[in-house]
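Asker: Let's see this in three dimensions:
(one chain, ligands or ions: 1)
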Amino acid sequence: MKELLITLALTFTFALPAWADEPFRRVEIKVTADGFDPQEVKLKKGERVILTFTRVTDDTCITAIDIPAENVSGLELPLNKPVSVTIAPAKAGVEEFHCSAMGMGGGRLIISG
Ligand SMILES: [Cu+2]
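Answerer: Just a heads-up that it's a prediction; the model follows:
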């Protein structure tokens, strides 16, 4: 049993750097009175990314968002509360994100191949 635990411990230790190398990026996007900041985010195809949206103003209609190409719809953004969504764009190209109500904001995920 003790040997098993040591083996597990070693496996775990050596596994850690591999995890750290995996692409898993965090991108912060604020929703301000001027819209999304940043409005454009550059990603790579297949890259796993955590998008964290924080709405910091009430002076906008962007209180919920859609990212249609990622099947994100009606994601509510409470004031000053970070809301995260994990995506891994499957194709190169441009994916848009915008307010759920009117399709405004003109956010763009620019995905390179
Ligand atoms: Cu709107």
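
Asker: Setting aside sequence neighbours, what's the nearest residue to Pro89?
Answerer: Ile111 (4.5 Å; Cβ to Cβ, 6 or more residues apart in numbering). Yep, even glycine has a C-beta here, placed from its N, CA and C like the rest.

Asker: Bridge partners for that neighbour, pull those for me.
Answerer: Ile111 has these beta-bridge partners by DSSP bridges: Leu43, Gly93.

Asker: these two touch, right, it and Lys91?
Answerer: Yes. Judged on Cβ atoms under 8 Å, Ile111 makes contact with Lys91 at a distance of 6.9 Å.

Asker: quick one on the thing from earlier: quick one, what contacts the residue nearest to Pro89?
Answerer: If you count contacts by Cβ atoms under 8 Å, 6 or more residues apart in numbering, Ile111 has them with Leu43, Lys44, Lys45, Pro89, Lys91, Ala92, Gly93, Val94, Glu95.

Asker: and with 7 Å instead?
Answerer: Leu43, Lys44, Lys45, Pro89, Lys91, Ala92, Gly93, Glu95 (Cβ atoms under 7 Å, 6 or more residues apart in numbering).

Asker: center of the chain, which residue is that?
Answerer: Leu51 (1.8 Å; Cα atoms, centre = their mean).

Asker: Looking at the residue nearest to Pro89 now. What's its pLDDT?
Answerer: On pLDDT, Ile111 comes in at 97.

Asker: Residues touching stretch 74-89, excluding its own?
Answerer: Under Cβ under 7 Å, 6+ apart, the answer for stretch 74-89 is 31, 43, 45-56, 58, 63-66, 70, 72, 95, 100, 109, 111.
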